[in-house]
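Peer 1: What follows is a predicted protein model with its sequence.
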Amino acid sequence: MTEQDHRNLIHDHYQAIYRFLLHLTRSDAEAEDLTQDTFTAAWEKINAFEGRSTLRTWLHRIAYGKFVDGRRAGRRSAKLVERLKTRDAPTPLSPVETVASDDEAQQLYAALDQINSDDRVLLVLHYLQGLSYREMAEVTGEPVGTVKWRTSLALSRMRTLLTAEKPHVPSPAGERRDA
């Protein structure tokens, strides 16, 4: 692979991989680090790429692996603790926060933050990254049927969060509700 091919690979896929990792990590700096780790690993493994999947899917698989490795190593929690210790000034809005300026988008992102990491991965891959179920199965290393089923459950959990009724407000004093 020539240097021009490397540049084209970065140009064509960098933003998609970065956005994917940003959704998973919710940290600009960590997403950037993992994106660079992903492309470094891709360079090292490019000769092993056999074309059984698309290049896009292959890169998402590497990125997901880097995310899982980082999570296992506890890198995320160590960085978070360090940031909390050194936080003097408020941090600028992340790209996700900037884009999520209207109420509906804020509600969607808030609900996405409330679901577990495994569900979030599936919803981000499918709805925000546009991967098919087959591509998602390749990224996660799970059977296509399992990915479809888990995505359906994750989407159902999101719907429940988004349609949850507001807490019950007690009746005004003096009113009595008999069952």
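Peer 2: Here it is on my side, so go on. Numbers count the residues shown, from 1 in each chain.
Peer 1: tell me which residues of the longest helix seen in the chain are tucked away?
Peer 2: Using DSSP state H to define each element, the chain has its longest helix at helix 3-25. The neighbour-count check on helix 3-25 (16 or more other CB atoms under 10 Å) flags 9, 13, 16-25 as buried. For the C-beta atoms, the positions are set from N, CA and C on the backbone; glycine is no exception.
Peer 1: Format those residues as CSV; extra columns: distance to residue 69.
Peer 2: Output for the buried residues of helix 3-25, formatted as CSV (distance: CB to CB, whole Å):
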residue, distance to residue 69
9, 21
13, 20
16, 20
17, 15
18, 17
19, 19
20, 15
21, 12
22, 17
23, 17
24, 12
25, 12
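Peer 1: and which of those is nearest to residue 67?
Peer 2: residue 24 (5.2 Å; CB to CB).
Peer 1: what sits against the residue lying closest to residue 32 once chain neighbours are set aside?
Peer 2: Spatial nearest neighbour of residue 32, chain neighbours left out: residue 18 (6.9 Å); criterion: CB to CB, 6 or more residues apart in numbering. Shown in contact with residue 18 (CB atoms under 8 Å, 6 or more residues apart in numbering): 31-32, 35.
Peer 1: now swap in residue 19 and tell me
Peer 2: 128-129.
Peer 1: ok, it to residue 50 distance?
Peer 2: 26 Å (CB to CB, to the nearest Å).
Peer 1: and what of residue 7?
Peer 2: Residue 7 is 23 Å from residue 50, by CB to CB.
Peer 1: likewise residue 62?
Peer 2: Distance of residue 62 to residue 50, computed by CB to CB: 14 Å.
Peer 1: same thing with residue 116?
Peer 2: For residue 116, the distance to residue 50 - CB to CB - is 33 Å.
Peer 1: likewise residue 123?
Peer 2: For residue 123 relative to residue 50 (CB to CB), the value is 29 Å.
Peer 1: just to revisit the earlier point, out of the buried residues of helix 3-25, which comes closest to residue 156?
Peer 2: residue 23 (19.4 Å).
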